[in-house]
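# give me coordinates for this.
(chains A and B)
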Amino acid sequence: GNSVTQMEGPVTLSEEAFLTINCTYTATGYPSLFWYVQYPGEGLQLLLKATKADDKGSNKGFEATYRKETTSFHLEKGSVQVSDSAVYFCALSEGGGATNKLIFGTGTLLAVQP
Amino acid sequence: DAGVIQSPRHEVTEMGQEVTLRCKPISGHDYLFWYRQTMMRGLELLIYFNNNVPIDDSGMPEDRFSAKMPNASFSTLKIQPSEPRDSAVYFCASSLVNEQFFGPGTRLTVL
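Purely as a prediction, here's the structure:
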């Protein structure tokens, strides 16, 4: 079945460091891929998405590229801030979006220290 | 738009009591999802609806859990009787295309 694998956390970085959170997926067909972010005490929010191979999603300085050949969608940011501390979830749309059901990874906690 | 609205935001109850969680999806969205989040099990999909009809309830843990969507603007998740292991944050999300919008969650504590 479809699945998403994320790197284990927590990831601890100093402010202005480079961030990479790895995400790989297994899926039939051509799913859309997503990164969601969850700040403490809040629900998940969509951070960025990509709907087809080689698409790059970007938002708030974060980027991720849909790589079909490596089945990956790694999240990157060039310079993290303390305010980026949160849990990040990688997800894919099951059924090519036909059901709107998403398969989520386990989440990666990012802690940015000043 | 106010986004997905959930109530209550916090619920503390005693074992054996009935608990009802409520959700108002974003107007016009035709999919509604209920999730549970715990430290041990992460984010779990419990059930989802399309056009008010339950499509997949395979994530509902036991018969003690039930969910309804009587109309396009309201859904409930009920636990009867509640148990301490039901303590978690319960999220509702809605979508029109494949992007889901999450509510702020209900933190349930069963003593």
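
# is stretch B:83-93 up against chain A anywhere?
Yes - with C-beta under 8 Å from any C-beta of the partner chain as the criterion, chain A is reached by stretch B:83-93 at B:91, B:93. (C-beta placed from N, C-alpha, C; glycine too.)

# give me the distance from that stretch to the chain's centre.
Remark: stretch B:83-93 is offset 8 Å from the chain centroid, using C-alpha atoms, centre = their mean, to the nearest Å.

# next one: stretch A:60-72
8 Å.

# identify the residues contacting it?
For stretch A:60-72, contacts defined as C-beta atoms under 8 Å, 6 or more residues apart in numbering or on different chains pick out A:22-27, A:33, A:35, A:47-48, A:50-58, A:73-79.

# which of those count as buried?
A:23-25, A:27, A:33, A:35, A:47-48, A:50-51, A:57, A:73-75, A:77 (16 or more other C-beta atoms under 10 Å in any protein chain shown).

# ok, which pair from the residues you listed is furthest apart?
Maximum pairwise distance in those, criterion C-beta to C-beta, is 25.0 Å, between A:Ala27 and A:Lys77.

# please name the nearest non-neighbouring residue to residue 104.
Here I'm looking at chain A. Among residues not flanking A:Phe104 along the chain, A:Ala91 sits closest, at 4.7 Å (C-beta to C-beta, 6 or more residues apart in numbering or on different chains).

# that answer is for a different chain, and I need it for chain B
The shortest distance from B:Pro104 to any non-neighbouring residue, by C-beta to C-beta, 6+ apart, is to A:Gly43 (5.1 Å).

# list the buried residues for stretch B:29-39?
Applying a neighbour-count criterion of 16+ other C-beta under 10 Å, one finds B:29, B:31-37 buried in stretch B:29-39.

# dump the residue contacts of A:His74.
A:20-23, A:64-65 are the contacts of A:His74 under C-beta under 8 Å, 6+ apart.

# could you check how far it is from chain B?
Between A:His74 and chain B the computed distance is 20 Å (C-beta to the nearest C-beta, to the nearest Å).
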